[in-house]
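Asks: quick one, fold the following:
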Amino acid sequence: MRDFFPIFVFFVLSLIASVGSANSGQEVLFKSFDAEGTQIRGELFRPVGNDPRPAIVMMHGCSGLYTKSGKIKTNSVAWIKRFLKWGYVVLAVDGFTPRGFRTMRSKRKRPLHSIDDRPFDAYGGLAWLKKQPFVKRDQIALVGWSNGAMAAVSGVRENKADYFGEGHRFKAVGAFYPGCITLTRRVNKRFKPYAPVLVFIGLADNWTWPKPCMRLIRRAARNGFPAQYVAYKGAYHAFDHPNLKIKTRISRNSKWKKRKERRVTIGSNPAAREAAISTLRSWLKKIFLNKFRTSISLYSIDGGGSAANSDPARQRRPCGSCQSSPLACNSPNARDNALKPSASKTSDNAAK
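Replies: As a prediction, the model looks like this:
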């Protein structure tokens, strides 16, 4: 027993160190696949142990990966800790500071385009990870947020994979509240991903509108592609943030047609956040265990549901309700699998 105790203490301390040090990763450098071969900075985090593990490439939003003081932002830290706890290697890609800016949220003329430029950085990170002995090279997923989610969804297009990735492929893509209007136009409403895609949507989001993504993913699913979405009632942009109070801010973008700047609402929604965490964890586990069922091609759930009801396999409604209800289909043809939605609700003020 005495011999066992030091080993146990060492294991616990190692686990705490790996999960608790998510703001001090190992800095790594790799080349983007862009035309310039830009040298990109990444923050690498590894779980305890030396065995090869699945990996996550993280793509931050338009506000950047770092705060003004140089620390990784709160929401990214929270997700890094989760991914480490789940046993994944994490590479948080920083595509901004190597190009001379920390954020582009308030820039009218954005120096990088989400769907045309940033996918090159994601694939550069993928190629670097595949060379590392501690990574399972065929078990690497891409997860993005907002502007980074748009890059992730754009980069997984079947006809653009070689252009962005030079032969490299992600195992799957997760995307939190991307904008889908421009991408919908680019693909002529026909989104064709080469790998499973899961999009998380806030139904109260007035920064990246929910309906364009829901329509794009729904259409892809009905065309036989492994595309899914989850939509949460009362959830604003950044609903997965650990502690962001509901507030409005001004966002600027010269590519917006009507107004070049507008007020948008952001903030945490605890119920939606916890449901999304549970859903992503379960989905990634199935992806990496090769147990993902491509026949289940579409679903949407209420962020106010209980943990039991956050399982997409339990959330089925007739497909006729897809257009009008945030509790939509589990598959395009699942018309005979109706269950009553959860009685609990999430209000817009849940996170205040």
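Asks: for the stretch 1-150 of the chain, what are the low-confidence residue spans?
Replies: The stretch 1-150 of the chain contains residues with pLDDT under 70 at 1-24, 102, 105-111.
Asks: quick one: the strands in it?
Replies: Assigned by DSSP state E, counting those that start in this stretch, the stretch 1-150 of the chain shows strands spanning 26-31, 39-45, 53-59, 89-94, 135-145.
Asks: for the longest one, buried residues please.
Replies: The reference is to strand 135-145. By neighbour count on 16 or more other C-beta atoms under 10 Å, the buried set for strand 135-145 is 135, 136, 139, 140, 141, 142, 143, 144, 145. For every residue, glycine as well, the C-beta is placed using N, CA and C.
Asks: beta-bridge partners for residue 172, please?
Replies: residue 141 (DSSP bridges).
Asks: hang on, it packs against residue 141?
Replies: Yes: Residue 172 is in contact with residue 141 according to C-beta atoms under 8 Å; the separation is 4.6 Å.
Asks: name the single longest helix found in this structure.
Replies: If you go by DSSP state H, the chain has its longest helix at helix 270-288.
Asks: for it, give the mean pLDDT please.
Replies: Helix 270-288 carries an average pLDDT of 97.
Asks: so residue 134 touches residue 54, yeah?
Replies: No: counting by C-beta under 8 Å, residue 134 does not reach residue 54; the two are 10.9 Å apart.
Asks: counting neighbours, go ahead and name the busier of those two.
Replies: Set residue 134 next to residue 54 and count neighbours by other C-beta atoms under 10 Å: residue 54 wins out with 21 against 15.
Asks: how close does that one sit to residue 136?
Replies: 5 Å (C-beta to C-beta, to the nearest Å).
Asks: list phi and psi for residue 229.
Replies: Backbone torsions for residue 229, taken as degrees, to the nearest 10, come to phi -140, psi 160.
Asks: next one, pLDDT for it please.
Replies: For residue 229, pLDDT reads 96.
Asks: am I right that it is in contact with residue 191?
Replies: No: the pair residue 229 and residue 191 does not pass the contact test of C-beta under 8 Å, sitting 11.4 Å apart.
Asks: what residues are shared contacts of those two?
Replies: residue 217 (C-beta atoms under 8 Å, 6 or more residues apart in numbering).
Asks: buried ones in whichever strand or helix holds residue 211?
Replies: Assigned by DSSP states H and E, residue 211 belongs to helix 210-222. For helix 210-222, a neighbour-count test (16+ other C-beta under 10 Å) marks 210, 212, 213, 214, 215, 216, 217, 218, 219, 220, 221, 222 as buried.
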